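Enquirer: quick one: sequence plus predicted model below, questions after.
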Amino acid sequence: MRIWLFWASLLTFGWLTLGSWRTVAVPEKLSDYGFFTGSIAGQKPAAGVVPYALNTPLFSDYAEKLRFVKLPEGETVAYNDTSVLNFPVGTTLIKTFYYPNDFRDVTKGRRLMETRLLIHQSEGWKAFDYVWNDEQTDAFLEVAGDTKTVRYVDANGKSRQHEYTIPNLNQCKGCHNRNEALVPIGPSIRQLNGELAYNVAGKPENQLMHWQQAKILSGMPSLDKCPKTPIWNKPETGSLNDRARAWLDINCAHCHNPNGPAMTSGLNLSISATDLTALGIRKTPVAAGRGSGGRPFDIVPGKPEESILTYRLESTDPGEMMPEVGRKTVHAESLELIREWIKAIK
Amino acid sequence: MIPPLIPMKTLFLFSLIFLLAQMVWAQPAVQKRYQTQLIMAENGSTVDLDQGTFTFTGSLSLQDKKRIVIRGKGIDKTILSFKGQTDGAEGLRVSNAEEIVIENLTVQDSKGDGIKTMNVKGITFRNVKVEWTGQPKAENGGYGLYPVQCDNVVIDGCTAIGASDAGIYVGQSRGIVVKNSKAYHNVAGIEIENSRNADVFDNEAYENTGGILVFDLPDLVQKQGGNVRVFNNYVHDNNFPNFAPAGNIVASVSDGTGLMILAANGVEVFNNRFIRNQTLGTGIISYLLTERPITDKAYYPFTSAISIHDNVYERNAGPVSQRGRYNKIFDMVLKPGQDVPHIIYDGIADPATLDKTGQPVPEKRICIRNNKNQSVVNLDAGRGFKNVSFTMASFDCQLEPLKTTVSTPR
């Protein structure tokens, strides 16, 4: 009887804790890919791995991101100025999320959280997530996601602590989804048309020029003909409307577009949207539930405090907030931009 | 017999404590285990959920799969509780899938919707309960069972309680059966919205704000629902004060509503019992009556081809609800002491469907015939309530019975 109880308990315990098995063919560790040289935590790209940045990125709870692209040897991606670049099969997009210990002083070190890979296989894009260990020696494949607590000093010198959610594989497609196919969101010509310092000592270069010279971008016209997304928090890069629309595009339109997972709402926040009702102006909510916050329309012109859009950006309640996943904090700075934008709508 | 080293009782107690402690520790592990199972499930397999109450801090999701059964041990035996949820807007989410069955389980207290299924061809909910515990309140999630943009939806033997929008909600879908189900203490009990080919029968919708809603709304991907049959339902005591957050269309539903048909076309309502729904036994209204803006050019805001026959209407004597707008309308159109009619038609018809006499052409008419205790008011709301009429004669007609394509459950 005793023995039986003991083994039964052990077995249940084992089953409950060790239930998460893994896929076979996919590398277990990030280091297995060889994307980086030297210490992997240094994130120094190996030959053929090109770092990049977006002009206006997705907000992810203040996490900083290191982005890299690796095209198959000798191949290029074709220029197009309307949508996300159509990278050839064999391309990997690499994105490492991290928190500086002190946002005011990068020399104080950082904590790498996760590295997400989007790999373009012959049957389509596949997403894999590697979670960094506490020792920061490597990152390990995780399909079911996780939650970690992060602590840092923010740009204003304030100590902050909050939960950080690492998505499960299904959640990747919650955002990376066009007509139910997994796709990249960020790297479009307009988002890449900006400057990046490719090495510590060097001068920043325009990324499109760099890609052209590195022979990974083909068919590019002269730089002045390439569209450019403004930087959301740099007024000198674009008008209030352009910056707000750029921010909504990258933060919301991956779902809120006519082919995205939020198409059921009828709200279209992509940069190309022209229908004012679809953009939210005097649009009644459909399935917002308490996410409406008791407000009548997505956008009430001139009145951010009466608009559902701002309500859902102000909330951190998962039943109300937008985006639905990947946000535990309020992005006060961009919220201000959206408020100003709604105020200016007539 | 040799006495055991440790008395059996003590050992049992230790084991029990150990097991209980493990239940608490293991909660995040359970989330990971079930989520991993849902991600790794092979097409054609069954994901079995254990008996017990399991607490989750994030949504569970299934996607890109075919022929999966998610099966618990029974309603209130397998309870997936999302109380204290911090991630994800729904309890369980299924997307881009085919032939999915969810059965024998309870989903509780999710922050947003209970079970949302989107882009699923063939989705069956069988013996599933979705509830928000405690008093119904605006903070509850919007929809209990929430298939949207799905084909062949079957909801059978399900229960929905406490949704701040609709307990059982089918939106922008095609081929729908909702049967043998119960919905109570929701704002809307059962709602069919922008959906085609639906059969809603043998259900009990009670103590909601509105029992059953058949709505067509603008600005959505799938427009022009219709071909909906509502029959053999027991729709009673739907007098619960509306607790929907403002802004949502259901927030405008008056308490005391049995069945509301809004801007829907092709609805046959028969053999139902509408009992003690104190404001509108059945309402037939156009979207224009909501006075909400319409910018969607492809949207058809009128109600037409409605057939209400062989139902039973009863209500207690007394005034309609003082909340909502209908008390004001009734104050205006009824004489003191006059009974409130069971069926309310706003009288707003599409001018393009009217013949020379001002009546809709036969196949577009509103027909009301052979109901027990039937009484009607035509509000003539389109012309400022000028010719309010209580005569049954203009509704005395019969439409061709609807035929719906009924999907077969797995």
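Expert: Nice, thanks for sending it over. Numbering: from 1, shown residues only, chains lettered A, B, ... in the order given.
Enquirer: in the stretch 201-346 of chain A, which residue sits nearest chain B?
Expert: When Cβ to the nearest Cβ is the measure, the stretch 201-346 of chain A has its nearest residue to chain B at A:Gly289, with 2.5 Å between them. No exception for glycine: its C-beta is placed from N, CA and C like everyone else's.
Enquirer: measure the nearest residue to that residue once chain neighbours are set aside to B:Ala163 for me?
Expert: Closest residue to A:Gly289 in three dimensions, ignoring its sequence neighbours and counting by Cβ to Cβ, 6 or more residues apart in numbering or on different chains: B:Gly142, at 2.5 Å. Remark: distance between B:Gly142 and B:Ala163 (Cβ to Cβ, to the nearest Å) = 6 Å.
Enquirer: shaky segments in the stretch 1-150 of chain A?
Expert: Scanning the stretch 1-150 of chain A for pLDDT under 70 picks out the ranges A:1-24.
Enquirer: and the one residue in the stretch 251-400 of chain B that gets nearest to chain A, what does it touch?
Expert: Proximity of the stretch 251-400 of chain B to chain A (Cβ to the nearest Cβ) peaks at B:Thr295, 4.3 Å away. For B:Thr295, the contact set (Cβ atoms under 8 Å, 6 or more residues apart in numbering or on different chains) comprises A:276-277, A:282, B:218-219.
Enquirer: near the residue in the stretch 151-300 of chain B that chain A sits nearest to, how many other residues are there?
Expert: In the stretch 151-300 of chain B, the residue that lies nearest chain A is B:Gly247 (3.5 Å; Cβ to the nearest Cβ). Other residues within reach of B:Gly247, judged by other Cβ atoms under 10 Å in any protein chain shown, total 22.
Enquirer: tell me if I'm right that it and A:Asp298 touch.
Expert: No. Under the criterion of Cβ atoms under 8 Å, B:Gly247 is not in contact with A:Asp298, lying 9.2 Å apart.
Enquirer: list residues touching both of those two?
Expert: Taking Cβ under 8 Å, 6+ apart as the contact rule, B:Gly247 and A:Asp298 both touch A:284-285, A:308.
Enquirer: pull the most distant pair out of the contacts of B:Thr295.
Expert: Of all pairs drawn from the contacts of B:Thr295, the one with the largest separation by Cβ to Cβ is A:Leu276 and B:Pro218; the distance is 13.8 Å.
Enquirer: of the two, who's got more company?
Expert: Set side by side, A:Leu276 and B:Pro218 give different neighbour counts by other Cβ under 10 Å, the larger being at B:Pro218 (23 against 14).
Enquirer: what secondary structure does the more buried one sit in?
Expert: At B:Pro218 the chain is in coil, as set by DSSP: H, G, I helix; E, B strand; the rest coil.
Enquirer: which residues does it contact?
Expert: Under the criterion of Cβ under 8 Å, 6+ apart, the contact list for B:Pro218 reads B:287, B:294-296, B:299, B:301.
Enquirer: list phi and psi for it.
Expert: phi -80, psi 170 (degrees, to the nearest 10).
Enquirer: quick check: the gap between it and B:Cys150.
Expert: Taking Cβ to Cβ as the measure, B:Pro218 and B:Cys150 are separated by 21 Å.
Enquirer: what's the spacing between the closest residue to A:Ala181 other than its chain neighbours and chain B?
Expert: By the measure of Cβ to Cβ, 6+ apart, the closest residue to A:Ala181 outside its immediate chain neighbours is A:Gly124, 6.0 Å from it. Summarising the geometry, the distance separating A:Gly124 from chain B, computed by Cβ to the nearest Cβ, to the nearest Å, is 10 Å.
Enquirer: now chain B against chain A: closest residue?
Expert: Taking Cβ to the nearest Cβ as the measure, chain B has B:Gly142 as its residue closest to chain A, at 2.5 Å.
Enquirer: in chain A, which spans are helices?
Expert: Chain-ordered helices for chain A, with DSSP state H as the definition, fall at A:2-17, A:169-175, A:189-192, A:207-213, A:240-252, A:308-314, A:332-344.
Enquirer: kindly report the residues of the stretch 151-300 of chain B close to chain A.
Expert: Selection of the stretch 151-300 of chain B residues close to chain A by Cβ under 8 Å from any Cβ of the partner chain yields B:164-165, B:171-172, B:217, B:219-221, B:245-249, B:292-293, B:295-296.
Enquirer: try 10 Å
Expert: Taking Cβ under 10 Å from any Cβ of the partner chain as the test, the list of the stretch 151-300 of chain B residues beside chain A reads B:163-166, B:169, B:171-172, B:187, B:193-194, B:217-222, B:243-251, B:290, B:292-296.
Enquirer: filter those to the buried ones?
Expert: When burial is judged by neighbour count using 16 or more other Cβ atoms under 10 Å in any protein chain shown, the buried members of those are B:163-166, B:169, B:171-172, B:187, B:193-194, B:217-220, B:222, B:243-245, B:247-251, B:290, B:292, B:296.
Enquirer: the residue of the stretch 251-400 of chain B closest to chain A and A:Lys283, how far apart?
Expert: Look at B:Thr295 and A:Lys283: by Cβ to Cβ, they are 8 Å apart.
Enquirer: give the residues shared as contacts by those two.
Expert: Among the neighbours of B:Thr295, those also in contact with A:Lys283 (Cβ atoms under 10 Å, 6 or more residues apart in numbering or on different chains) are A:275-277, B:218-219.
Enquirer: and these, which is the shakiest by pLDDT?
Expert: By pLDDT, B:Asp219 ranks lowest within the shared contacts of B:Thr295 and A:Lys283, coming in at 87.
Enquirer: that residue contacts B:Pro301, correct?
Expert: No. In this structure, B:Asp219 is not within contact of B:Pro301 by Cβ atoms under 10 Å, at 11.9 Å.
Enquirer: find residues that contact each of these two.
Expert: Common neighbours of B:Asp219 and B:Pro301, using Cβ under 10 Å, 6+ apart, are B:Ile294.
Enquirer: residues near A:Glu135, how many?
Expert: A:Glu135 is flanked by 7 other residues according to other Cβ under 10 Å.
Enquirer: whoops, B:Asp237 was the one
Expert: 18.
Enquirer: of all the shared contacts of B:Thr295 and A:Lys283, which comes closest to A:Gly319?
Expert: Using Cβ to Cβ, B:Asp219 comes nearest to A:Gly319 of the shared contacts of B:Thr295 and A:Lys283, at 22.4 Å.
Enquirer: re earlier: want to throw the shared contacts of B:Gly247 and A:Asp298 into JSON lines with pLDDT?
Expert: Formatted as JSON lines, the shared contacts of B:Gly247 and A:Asp298 follow (pLDDT from 0 to 100):
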{"residue": "A:Thr284", "pLDDT": "90"}
{"residue": "A:Pro285", "pLDDT": "88"}
{"residue": "A:Ile308", "pLDDT": "96"}
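Enquirer: within reach of chain B, which of these are there?
Expert: With Cβ under 10 Å from any Cβ as the criterion, those include A:284-285, A:308 near chain B.
Enquirer: list residues touching both of A:Leu276 and B:Pro218?
Expert: Once Cβ under 10 Å, 6+ apart is applied, the residues that A:Leu276 and B:Pro218 both contact turn out to be A:283, B:295.
Enquirer: got the residues of the stretch 101-250 of chain A near chain B?
Expert: Along the stretch 101-250 of chain A, the residues adjacent to chain B under the rule Cβ under 10 Å from any Cβ are A:142-147, A:163, A:165, A:167-174, A:177, A:179-182.
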